[in-house]
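**Student:** Got a predicted structure here, sequence first:
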Amino acid sequence: MDIPKRYLSLFLLTMFITTNADAKHSVPVPNGPSTTGSVFHPFGKITVEIINDLGNTLALKYHCKSKEDDFGKRSLQPGKSWSFKFHRQFFGRTLFYCSFVLPNGRYTFNIYEDHRESAGDNWCQKCVWKIRQTGPCRLNDVTKQFAICYSWNKSLY
């Protein structure tokens, strides 16, 4: 089915408006602005922060990357954090994943999945993660608790 030419100009206009969005064009998110004072900026930078919550004196060794970016092998002392920033891909395909070396093995986790972090009640513009031996837990912006917890990815890295 062919799209009429008149819709092409509407599509181009829509693309121009959305790609030139800034803070004044931000989108309020349910349970966001009214409860936390935060606003989701669909074209703003996303921040991912990783906190070593392994406890005791255990350093967290990790390696985070995407298809385009590789942050290299790193290490975090207990209670310390590291972060990176990026712009989401236009069609919602942004994915960053990390491998973590823990006392009981090496595990992987998708530290940022666009469809998980940019939709519904669990969206985040600044995604803060505590890495624990049982798995990663993300900060819930509403409750201010690290209550959004996940298991490690199925396959060992």
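**Tutor:** Done, it's in. Residues are numbered from 1 along each chain as shown.
**Student:** measure residue 133 to residue 152 for me?
**Tutor:** The gap separating residue 133 from residue 152 is 10 Å, by CB to CB, to the nearest Å. For glycine as for every other residue, the C-beta is placed from the backbone atoms N, C-alpha and C.
**Student:** Following element in sequence after the lowest-mean-pLDDT helix or strand in the chain, please.
**Tutor:** Scoring the helices and strands of the chain by mean pLDDT, DSSP states H and E places helix 33-36 at the bottom, with a mean of 36. Sequence-wise, the next helix or strand downstream of helix 33-36 (DSSP states H and E) is strand 45-52.
**Student:** helices or strands next to that next one in the packing?
**Tutor:** With contacts taken as 3 or more CB pairs under 8 Å, 6 or more residues apart in numbering; DSSP states H and E, strand 45-52 sits against strand 60-65, strand 70-76, strand 81-87, strand 105-113, strand 126-132.
**Student:** gap between the last one and the chain center?
**Tutor:** So that's strand 126-132. 9 Å (CA atoms, centre = their mean, to the nearest Å).
**Student:** Would you mind measuring the gap between the ends of stretch 127-136?
**Tutor:** This stretch, stretch 127-136, spans 12 Å end to end (CA to CA, to the nearest Å).
**Student:** Name the residues of that stretch that are buried.
**Tutor:** Judged by neighbour count (16 or more other CB atoms under 10 Å), stretch 127-136 contains these buried residues: 127, 128, 129, 130, 131, 132, 136.
**Student:** Same list, the residues you listed, but as TSV with pLDDT and distance to residue 112 please.
**Tutor:** Formatted as TSV, these follow (pLDDT from 0 to 100; distance: CB to CB, whole Å):
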residue	pLDDT	distance to residue 112
127	95	6
128	97	12
129	97	9
130	98	15
131	97	14
132	95	18
136	97	11
